[in-house]
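Undergrad: using only what follows, build the 3D model:
(one chain, ligands or ions: 1)
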Amino acid sequence: MKMRLVVLIIAAMLVFTIYSWATALDFDLFGQLYLRYLSLLFAPLGLLFIFFQFVFVSRIKTIESGFGLDRMFRWHRIFGRIGLFFVTFHMILIVFYRFGAYGEILADTFIWVGIAALLGFMITAGLAATYKKLGLAYEVWRNIHLANYLLFPFVMIHVFFHTQTGSLLYYLWLFLAVLFFAIVIYRLARIAAVRKNPHEVVEVRQEAEDIWSLFFDGPRFSYKPGQFMFIQLLRDGILSEPHPFTISASPTAEYRSITPKQLGDFTKTIKDTKVGDRAFIDAPYGVFSILNYDRGEPVFIAGGIGITPFMSMLRYMRDQKFDKKVTLFWANRNEKSLCFQDELEKMQEEMPGFRAILVMSDQPDWPGVKGHLRGPMILDQLESIEGKEFFICGPPAMSRATMTELKQLNVPPSRIHSELFEL
Ligand SMILES: Cc1cc2nc3c(=O)[nH]c(=O)nc-3n(C[C@H](O)[C@H](O)[C@H](O)COP(=O)(O)OP(=O)(O)OC[C@H]3O[C@@H](n4cnc5c(N)ncnc54)[C@H](O)[C@@H]3O)c2cc1C
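TA: Residues are numbered from 1 along each chain as shown. Sure thing, here's the model as predicted:
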């Protein structure tokens with residue numbers, strides 16, 4: 001589903017919500033009722049934004065394929081904040097109104113249900129923003145965050161008991177409740193389907209001191225080079241959490257593969273995986289692929305382990321005998337971080353249009369390009385930016401800086417694509 005269509009649907013639902021609210025009003029903007037009306041506008045708006053949060057993390061393929069999961073997760077965070085803002089102010093305004101009108105809050109059971117759900121959302125949102133500072137593991141925070149699926153039905157109970165039966169808002173709530181349960185069922189069905197079709201590890205290969213590739217055999221699925229998977233490993237009877245990794249193999253290869261670099265709890269255990277271990281693969285996701293933007297000459301800009309989607313794309317181009325010019329810039333601290341070096345050298349012989357430029361920031365005796373990979377350096381190496389399609393993948397800070405610099409060098413934003421390795 002194209003992003004524009006999703007934006008249009010969101011806008012239409014917002015307009016419908018405001019319309020439903022307005023039709024239920026008997027305006028009295030000068031009495032205290034205006035507090036109540038405003039509060040009753042903030043409630044449905046907040047609920048709508050919170051509902052969309054679930055849509056954005058649902059991984060529904062038809063939406064994701066035009067959007068990219070990283071962007072959906074970003075929207076999830078933004079919509080969550082806006083939703084919380086609205087429902088918090090809904091609560092504050094209604095308290096003021098009730099106090100002004102009746103001298104007390106007059107809370108019924110369903111009001112307390114709403115307040116409790118709101119507090120729950122505040123806690124899960126607060127943890128999402130601060131888990132790193134609090135020193136919480138990603139998995140701990142993520143599992144607490146899943147409580148939002150339990151909180152939402154309580155919000156629905158709160159609103160159903162405070163909405164006039166048969167009003168437009170009432171039907172809107174019914175519609176959202178049905179969609180919410182459809183999303184939950186979709187996710188559960190997807191998990192069940194993945195569990196039913198396990199893959200098997202057929203090779204564990206060391207690529208560099210701290211980088212390992214795992215190769216999998218199992219039910220084939222089609223994907224575009226550059227896309228990623230969520231993987232859970234079942235080792236010694238222990239099932240890992242799902243982690244996202246680029247599929248480093250080309251779709252033309254016999255086996256699917258991932259190439260994790262050791263970073264934290266999970267990636268440090270990749271080397272302990274054994275041939276015959278099981279893997280549950282949920283794929284493919286992402287829109288970062290030359291096949292989605294097959295217009296100009298590709299320029300790949302990788303930082304460190306951000307090379308993996310480009311390996312998938314280059315392997316695919318080699319196997320499909322692409323005859324386009326393609327340039328790879330790969331930034332690393334020093335050559336100890338390199339992997340796939342021999343394969344890249346061989347690819348340059350096999351694909352005459354392919355040039356790999358390896359840039360080291362922290363190795364004075366490196367015979368190639370030295371320094372930090374920056375926009376002007378990229379421009380120096382290319383004859384011009386005309387007709388080029390830029391793809392960037394690396395540490396988020398480096399990717400964002402490179403994107404900004406390319407824009408400053410007059411590369412149109414529509415010709416810059418990125419994968420951030422963070423959801
Ligand atoms: C689209 C995408 C593609 C990726 N491809 C690769 C790749 O090809 N090679 C590679 O080395 N790394 C890749 N990563 C990064 C990889 O997912 C993380 O390095 C890994 O999950 C870290 O887990 P950990 O427990 O070892 O580290 P931790 O120290 O627990 O986590 C480090 C950071 O990784 C992220 N992270 C941790 N666990 C998860 C999880 N379960 N789900 C989502 N994010 C998590 C969080 O931002 C966390 O702060 C990719 C990430 C994304 C989003």
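Undergrad: in the protein, which spans are helices?
TA: 3-23, 33-56, 61-64, 69-102, 109-134, 138-145, 148-160, 168-196, 308-319, 341-350, 375-381, 396-408 (DSSP state H).
Undergrad: how about the residue of the chain found nearest the ligand, what does it touch?
TA: Per C-beta to the nearest ligand atom, G264 is where the chain lies closest to the ligand, at 2.0 Å. For every residue, glycine as well, the C-beta is placed using N, CA and C. G264 makes contact with Y138, according to C-beta atoms under 8 Å, 6 or more residues apart in numbering.
Undergrad: which strand residues bridge the closest residue to T402 other than its chain neighbours?
TA: Leaving aside its chain neighbours, T402 sits nearest to I392 (5.3 Å; criterion: C-beta to C-beta, 6 or more residues apart in numbering). Taking DSSP bridges as the rule, I392 bridges to I301, S418.
Undergrad: could you report the pLDDT at I392?
TA: On pLDDT, I392 comes in at 96.
Undergrad: residues near it, how many?
TA: Applying other C-beta atoms under 10 Å, we find 24 residues neighbouring I392.
Undergrad: residue contacts, it?
TA: I392 neighbours (C-beta under 8 Å, 6+ apart): 301-302, 306, 399, 402-403, 416-419.
Undergrad: again, 7 Å this time
TA: Neighbouring residues of I392 by C-beta atoms under 7 Å, 6 or more residues apart in numbering: 301, 399, 402-403, 416, 418.
Undergrad: same question for F390.
TA: 299, 301, 406, 411, 415-417.
Undergrad: by neighbours, which of those wins?
TA: Neighbour-wise, those (other C-beta under 10 Å) top out at I301, 28 neighbours.
Undergrad: is it true that that residue touches A401?
TA: No: taking contacts as C-beta atoms under 7 Å, I301 lies outside contact range of A401: 10.9 Å.
Undergrad: for F85, which non-adjacent residue is spatially closest?
TA: Closest to F85 by C-beta to C-beta, 6+ apart is G46, at 7.4 Å.
Undergrad: I should have written G394 there, sorry.
TA: Using C-beta to C-beta, 6+ apart, the nearest residue to G394 is G303, at 2.3 Å.
Undergrad: picking that back up, got a pLDDT number for the residue nearest to F85?
TA: 93.
Undergrad: I figured it hits H90, correct?
TA: Yes: if you go by C-beta under 7 Å, G46 and H90 touch, sitting 5.8 Å apart.
Undergrad: mind listing the shared neighbours of these two?
TA: Joint contacts of G46 and H90 (C-beta under 7 Å, 6+ apart) do not exist.
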